[in-house]
Every structure is written in structure tokens, then in C-alpha cells.
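# 3D, please:
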Amino acid sequence: MRLRDARRKTLGLAIVIGSVGGVVAQERQPPPGIEYTLDLSTGIVTSDNLENVADPNGRSTLSRTNLTFGARSQTKVSDLALTFGGRFEAGYFAQDDTTTSVFEDPFATLAYRREGANANFSFLGTYRETDVSRSRVVEDEFENEDLIEDDGTRVDTDLRFSFETNPQGPWGTDVDLRYRTRNFNGVTSDELTDTEFFSIDAGLRLLITPSATLRLTASQSQLIEDDDVETEQETTSYGANLVYEISRATRVNAGLSAVRIETEQDEAGGRSTDVDEGPSFNFGIEHDRPNGQISATFSNTLIRNGRRQTIRVARDLELKRGELSFSVGATQTNGNGFDPLLALTYSGDLKRGSYRIRFSQNANTDTDGDSFINTRLSANYRHEIDRVSGLELDLSLTESDAQGDDGTDRSRTNLGVTYTRDLTHDWQLRTGYEYGLTETNDGDGRRRNTLFATINRSFSLRP
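Next up, the predicted model:
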């Protein structure tokens, strides 16, 4: 099935389900006005490997200005926000051995949320263009290809719609639509391929008893990759999930679904079709404590060319001057040995500063059936030197380990030290040093040392 056919069928399904249960309530009052914002950062940057290449030509020195424009309107039932901007650079670029000016990393985000007595609606649209060599992983969920270093740019577009009816009633429906594209321009790696993704998730929620809630689900997704074999993967799922409250503090949930993964690829002689189908199920329990929550989950999930089993035990703690959450678990793919999965988030306030540490591990399988264990560590420490100055330390480590012998292990490390000082009530000076290192198991390593000094200010206007 081609993507346009899937869109036509799933869009019709969304309209039918989304129209059940009422329409969005009208605003109760006129909007109070729009707030306009401008975030400005401008200064000097010098780096011995600005483009993060394997063999840098020398030191680049340039001026850099980051601009972010915003507009936001809020009422009691709605919230509309628009942001857009980019980065302007001018100076000497050593890799090109030229002095020039460029506009880099344009982006735009539009978010809308509306809540009514009978329905809720939200929309989020994002557009971002980034240099592949300068991109950073900021989410826990990422793919091995996100760590590839290459020339060229990456353009990401993401549209999400969410509609929920009768949110406070004994029954209700919900629909989530998503359309995402990723396009690469000027790259050399065969692993960096254009992708197009479309999905729809629909549900019917039923309050069976005061303690039991049943949710019937149906989902469909289509992924198209412009790779050497022109991969098209369609996933459909139908199932149910039950949440039961044993007591005020304890809840259990169980889900079962029938899943079908159909993958088409080019082979000698024409297109080939590979089908994986079977059940996926999960079970979990949560217990609220006075200082946090304890939970345990188990899942057995159908994936491309096999199955994955994952078990986790988690604990959330509210500390006197901070928060701590951690989990321990393991995952097994296609009957192989178990790989540990750990996660930790620890944040708190000090007498003259604050800190935050986050560590996470997740399992990922691509459309070719290759599996990876992805790890991300981030740490931030802020220290207040006096009333107008401070020091910031940032560390991030991102790693993707291939589970197969022919896969590529990749890692990326970034370390930054920043000194901040309030020049006036509105203007702030930021100066510091950044170190970057990328490595692969085939010996491709790249290093980058960067010095910067900028002044920053945020403007706000409400007419």
C-alpha cells in the first residue's frame, strides 16, 4: 500500500472517530492580547574545527548572532504560540578558506491548544534545518544515524494533531495524527536517507466500573525510506488496555494487541514483501508512596524480524531539596542475551547553585531489523559566584551500540564551561569553552575546541 492510500483511509477514520462526542467549546472570553518576544545573542566564536570534519584545515573565527522571535496569545481555554528564528554568521571559515556570511539553522514552531467542556484539541508543527556536522541529540529517543558526522544539511518537518472528546465523562474518544519528514541535502553517507512517516492512533475509552477503565485502540503507520532498496514499512495494530485501581494508591494495567509489520524492499527481479505478525502485550503496576511512586513494567513486543522483551522497575523520590527518579531493567531481542537498561534523573538546589543529572538507555530497531542499545548522559551544574556572576558546567554523552557484528558503534561527547555576568538589568555576558569528540568503532574520530563570547538579552512587548 502506498503512503497516499494509507493517508486517505486513515484520514477518513480520524474524521469519523473524532466527530463522536461533541465539538470544541467556544471561548468564554475574548483574548487579553498578544505578547511579542525577541531573544538576542550576538558575539564572537573561534574554533579549530568549526565544521567538525575528520581533517580540519585550520581555525575559523567569526561573528555569530542568534535570533528567536515569538508571539503568544493565551485565554482560559486556548493557547496559541509561534516562534521562529535562525543564526547569522559572518567571518573566516577555514574549511572553505573564505571570508563570507551565511544564514544558518532556520526554524519555526507553531503550537495551538484548546480545551472545552466536551473536547480538547491540540496542534504542534515544527520545521528545522541544521548542519549534519553540528546537530546535537537532545531527546532520549534517538537513532544510530543521528550520530553520523557528514557534510550537508538535514531538514526536519513534524506535524502533530490530537483530538479528545468527552474528557471528563464515563466514555470518550481520542485521535492522534502525525506526519514527519526528514530530508538530507549535500551528504555523502549512504546511511543518511530521506524518510517520510505518517501515523494515526485512535482510541475509545470506557469506564466499566469506578475502578476499571478499558481503552480500545487501533493504529496504523507508514514509513518510506529513500534508501538503496526503497524501503516501505506499514504497521497496523488493534488491541485493548485495561487499567484497574486496586486501591487509592495502587493501580495495575495490562494491554494486548495484534500487530502486523509489512516491509517492502527492492531485490533482484522486483519488489519483495516480508511480513511479521503476532501479538504484543504489556503488564504494569504502580504504587504511590508519600514521597513518590514505585512501578514495574514488562512488555513483549513484535519488531521487524523478531521480538523484544523488556522489564523495568522504577522509583520516583521527592527529596528535601530536589528530586530523584531511577529505573533498572533489561531487554532481550530475538532470544539473544539480556542487555541491561538503566535510567536516572537527579536534580536539586544547593545553597549557591543547582545541578541536574540525567542518564537513560533504550533499545531501538531500524527498518532493516538491526538492533541498537542507545545511551544518553547529560549533566549540568550552576554555581552562583556573587549577585551578578556565575559559572555553568555542561556534559553530554550520546552513544549507540550495534547489537550485530556488522553494525557501527557511534558515540558523541560534548563538554562546556561558561562564565556568565549581568552587565545591566537587561544585558548578560556569556563567555566560555566547548570541547567536542565523536568516535566510531571503525576508527573515525573527530575533535573540536571552541571559544566564544556573547552578550544576550530578551525583549518582551504586550501592546
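# What confidence value was assigned to the residue nearest to the spatial centre of the chain?
For the chain, the residue whose C-alpha lies nearest the mean C-alpha position (C-alpha atoms, centre = their mean) is Glu139; its distance is 4.3 Å. Per-residue pLDDT puts Glu139 at 71.
# Please apply the same query to Arg260.
Predicted confidence (pLDDT) for Arg260: 97.
# about what we covered before: can you confirm the residue nearest to the centre of the chain is in a helix?
No - Glu139 sits outside any helix when classified using DSSP: H, G, I helix; E, B strand; the rest coil, being coil.
# so where's this protein shaky on pLDDT?
Across the chain, the ranges flagged by pLDDT under 70 are 1-32, 138, 140.
# For it, which segments count as helices?
Per DSSP state H, the chain has helices spanning 3-18. These are given in chain order.
# Could you check how far Val417 is from Arg448?
From Val417 over to Arg448 the distance is 15 Å, taken as C-beta to C-beta, to the nearest Å. (Glycine included, C-beta is placed from N, CA and C.)
# let me redo that: Asp194
27 Å.
# Which of these two has more residues huddled nearby?
Set side by side, Asp194 and Arg448 show more neighbours around Arg448, with 20 against 15, by other C-beta atoms under 10 Å.
# which ones are touching Tyr355?
For Tyr355, the contact set (C-beta atoms under 8 Å, 6 or more residues apart in numbering) comprises 346-348, 379-382.
# Give me the buried entries from those.
Buried residues within the contacts of Tyr355, counting neighbours by 16 or more other C-beta atoms under 10 Å: 346-347, 379-380, 382.
# Using PDB, list the CA coordinates for whichever strand in the chain runs longest.
Identified as the longest strand of the chain according to DSSP state E is strand 270-289. What follows is strand 270-289, C-alpha atoms only, in PDB (Å, rounded to 0.1, in the frame of the first residue of the first chain):
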ATOM      1  CA  GLY A 270      11.400  -6.900  -8.400                       C
ATOM      2  CA  ARG A 271       9.900  -6.000  -5.000                       C
ATOM      3  CA  SER A 272       9.900  -8.400  -2.100                       C
ATOM      4  CA  THR A 273       7.500  -8.400   0.800                       C
ATOM      5  CA  ASP A 274       8.400  -9.500   4.300                       C
ATOM      6  CA  VAL A 275       5.600  -9.900   6.900                       C
ATOM      7  CA  ASP A 276       5.900 -10.100  10.700                       C
ATOM      8  CA  GLU A 277       2.700 -10.600  12.600                       C
ATOM      9  CA  GLY A 278       1.700 -11.700  16.100                       C
ATOM     10  CA  PRO A 279       0.600 -10.400  19.500                       C
ATOM     11  CA  SER A 280       2.300  -7.800  21.600                       C
ATOM     12  CA  PHE A 281       1.400  -7.500  25.300                       C
ATOM     13  CA  ASN A 282       2.400  -5.500  28.300                       C
ATOM     14  CA  PHE A 283       1.800  -5.500  32.100                       C
ATOM     15  CA  GLY A 284       2.500  -2.900  34.700                       C
ATOM     16  CA  ILE A 285       1.800  -2.000  38.300                       C
ATOM     17  CA  GLU A 286       2.100   1.400  40.100                       C
ATOM     18  CA  HIS A 287       2.100   2.200  43.800                       C
ATOM     19  CA  ASP A 288       2.000   5.700  45.300                       C
ATOM     20  CA  ARG A 289       4.100   6.400  48.300                       C
END
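# any idea how far the residue nearest to the centre of the chain is from Ser396?
Glu139 is 12 Å from Ser396, where distance means C-beta to C-beta.
# wait, what's in contact with Thr109?
Thr109 sits next to 81-84, 124-127 when contact means C-beta under 8 Å, 6+ apart.
# Among those, which lie within strands?
Per DSSP E, the contacts of Thr109 map to strands at 81-84, 124-127.
# Any idea how many residues pack against the closest residue to Phe84 other than its chain neighbours?
Closest residue to Phe84 apart from its sequence neighbours, by C-beta to C-beta, 6 or more residues apart in numbering: Ala108 at 4.0 Å. Per other C-beta under 10 Å, the neighbour tally for Ala108 reads 16.
# so what's Ala108 bridging to?
Under DSSP bridges, the beta-bridge partners of Ala108 are Phe84, Tyr127.
# Hmm, it is touching Glu129, no?
No - Ala108 lies out of contact with Glu129 (C-beta atoms under 8 Å); the separation is 9.9 Å.
# so where do the strands sit in the stretch 251-400 of the chain?
Assigned by DSSP state E, counting those that start in this stretch, the stretch 251-400 of the chain shows strands spanning 270-289, 292-303, 306-319, 322-333, 339-350, 353-365, 371-384, 389-402.
# Which of the residues in the fourth one are classified as buried?
Judged by neighbour count using 16+ other C-beta under 10 Å, the buried positions of strand 322-333 are 324-325, 327, 329, 331-333.
# Take these and write them to JSON lines, including distance to Pro279.
Shown next, in JSON lines, are the buried residues of strand 322-333 (distance: C-beta to C-beta, whole Å):
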{"residue": "Leu324", "distance to Pro279": "36"}
{"residue": "Ser325", "distance to Pro279": "31"}
{"residue": "Ser327", "distance to Pro279": "25"}
{"residue": "Gly329", "distance to Pro279": "21"}
{"residue": "Thr331", "distance to Pro279": "18"}
{"residue": "Gln332", "distance to Pro279": "17"}
{"residue": "Thr333", "distance to Pro279": "17"}
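# just these now: which is nearest Gln233?
Nearest to Gln233 out of the buried residues of strand 322-333 is Thr333 (C-beta to C-beta; 17.6 Å).
# show me what contacts the closest one?
303, 306-308, 339, 363, 365, 371, 403.
# switch to 7 Å and redo it
By C-beta atoms under 7 Å, 6 or more residues apart in numbering, Thr333 lies in contact with 306, 308, 363, 371, 403.
# Check the gap between it and Phe142 for me.
Note on Thr333: its distance to Phe142, by C-beta to C-beta, is 18 Å.
# Determine which two of the buried residues of strand 322-333 are furthest apart.
The distance between the two most remote of the buried residues of strand 322-333 (C-beta to C-beta) is 29.7 Å, for Leu324 and Thr333.
# Ser458 - how many residues pack around it?
Burial of Ser458 is recorded as 13 neighbouring residues (other C-beta under 10 Å).
# again, but for Gly270
By the measure other C-beta under 10 Å, the count of residues near Gly270 is 6.
# Okay, and the beta partners of it?
Assessed by DSSP bridges, Gly270 has beta-bridge partners Glu267.
# Then the one 5 residues further on?
The residues listed as beta-bridge partners of Val275 by DSSP bridges are Glu262.
# I'd guessed it sits against Glu264; true?
No - Val275 is beyond contact range of Glu264, at 10.0 Å (criterion: C-beta atoms under 7 Å).
# if I look at Val243, how far off is Lys76?
Counting by C-beta to C-beta, the gap from Val243 to Lys76 is 30 Å.
# more neighbours, those two?
Ranked by neighbour count (other C-beta under 10 Å), Val243 and Lys76 place Val243 first, with 17 against 11.
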